[in-house]
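Colleague: Need a 3D model of the following:
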Amino acid sequence: MTETVTQPGAGPHRPARSWRVRALAVPLLSLAAIGCLITTVALSTAHVHHQSAACRYMAVPWTHFASAYAALLAAASALLVHLVLSRAARRDGLQPTSGWQSWLPTLFVVIAGLMLPLTAVIIALTHKDAAETARHLGQPLCEG
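Modeller: Here you go, the predicted structure:
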């Protein structure tokens, strides 16, 4: 089923550009947020393993912070793009009626909305881990 957008007093025609961009940008940004979050968790796990193998505290690499903040930025951007483009289309008098261009971005906006608090927690944990390792930098981690 394709989505049609109607203007007052006009018949159905191609979806507005703002609806098409929203239908493509929001899922991509949400998937980028998920990918960055998974990368952050993987980097954190690898860092813990490196510290254990070296048996000493090591500084948290900048890539942890970059991927954590990238996840937050991508999730917030998905929400912002959805809001701005939806308002722009409605301001032009366009209303979505049905189809994938309505439910797909909405599904990914919900996912991005759930990602925001999760990424905020991941950022806080990354900073907490960095503060702890900075306090004990170079000290032995293992006993014996």
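
Colleague: hey, which helix or strand in the chain has the poorest pLDDT?
Modeller: strand 5-6 (a mean of 48; mean pLDDT, DSSP states H and E).

Colleague: could you point out which element follows that one?
Modeller: helix 17-54 (DSSP states H and E).

Colleague: next one: that next one to chain centre, how far?
Modeller: Distance of helix 17-54 from its chain centroid, counting by CA atoms, centre = their mean, to the nearest Å, is 7 Å.

Colleague: Would you mark the buried spots in that helix?
Modeller: 18-19, 22-23, 25-27, 29-30, 32-34, 36-37, 39-41, 43-44, 47, 51 (16 or more other CB atoms under 10 Å). Just so you know, the C-beta spots here come from the backbone N, C-alpha and C atoms, and that holds for glycine as well.

Colleague: Wait, Ile123 touches Ser67, no?
Modeller: No. At 10.2 Å, Ile123 does not count as touching Ser67 under the criterion of CB atoms under 8 Å.

Colleague: neighbour-wise, which of those two wins?
Modeller: Ser67 (22 against 17; other CB atoms under 10 Å).

Colleague: Could you pull up the residues touching the spatially most central residue of the chain?
Modeller: Nearest residue to the geometric centre of the chain (CA atoms, centre = their mean): Ala33, 2.4 Å. Applying CB atoms under 8 Å, 6 or more residues apart in numbering to Ala33 gives the contacts 71-72, 74-75, 78, 112, 115, 119.
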